[in-house]
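Chemist: I would like the atomic coordinates for the input below:
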Amino acid sequence: MLGTIPIFRIFDVDKAREFYVHYLGFQVDWEHRFEEGAPLYMQVTKGEVSIHLTEHHGDCTPGSAVRIKMTEIEQYHAELHSKNYPYARPAVETAPWDSKEVCVTDPFGNRITFYEELEPS
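Modeler: Next comes the predicted model:
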């Protein structure tokens, strides 16, 4: 096994772009519709992490969650706060399992926890 790509259900393409591209800093790699007016399926990527976003009813369940391992979480947190996104103001929290975490929820109820492992205490 070489990796995994989470799939999140979305209901509004513009809100998805605002959150994933403009706020979190992902880029759109590709988009697919079976025909004009059909539901969108697209991939967004930041660094080595890709997420699939889908408007298709049966692809996945809204309100899912994923954890994304990263480095320099304090810097990423500062970047998020500098954007002044009105719907999220996440904090950096230190978890009892020795990680710093920033948790955000997208406009469709999907939760992303970015985390950086700390040296065990």
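Chemist: can you tell me which residues contact residue 42?
Modeler: Shown in contact with residue 42 (CB atoms under 8 Å, 6 or more residues apart in numbering): 28, 29, 30, 31, 32, 52, 53, 54. Every residue, glycine included, has its C-beta placed from N, CA and C.
Chemist: what about 6 Å?
Modeler: 31, 53 (CB atoms under 6 Å, 6 or more residues apart in numbering).
Chemist: Surely it is in a strand?
Modeler: Yes. Counting by DSSP: H, G, I helix; E, B strand; the rest coil, residue 42 falls inside a strand.
Chemist: What separation is there between it and residue 18?
Modeler: 14 Å (CB to CB, to the nearest Å).
Chemist: Please identify which helix or strand holds residue 14.
Modeler: Using DSSP states H and E, residue 14 falls within helix 13-17.
Chemist: Which secondary structure elements does that helix sit against?
Modeler: On a contact count with 3 or more CB pairs under 6 Å, 6 or more residues apart in numbering; DSSP states H and E, helix 13-17 meets no helix or strand.
Chemist: Name the residues of that helix that come out as buried.
Modeler: 16, 17 (16 or more other CB atoms under 10 Å).
Chemist: I'd like the numbering to begin with 565 instead of 1 from here.
Modeler: Sounds good: first residue 565 from here, last item helix 577-581.
Chemist: just how off-centre is it within its chain?
Modeler: In terms of CA atoms, centre = their mean, to the nearest Å, the centre of helix 577-581 is set 12 Å apart from its chain centre.
Chemist: strands paired with the helix or strand just after that helix, and their directions?
Modeler: Next in sequence after helix 577-581, counting helices and strands by DSSP H and E, comes strand 591-596. Applying DSSP bridges to the sheet, strand 591-596 is found paired with strand 605-610 (antiparallel).
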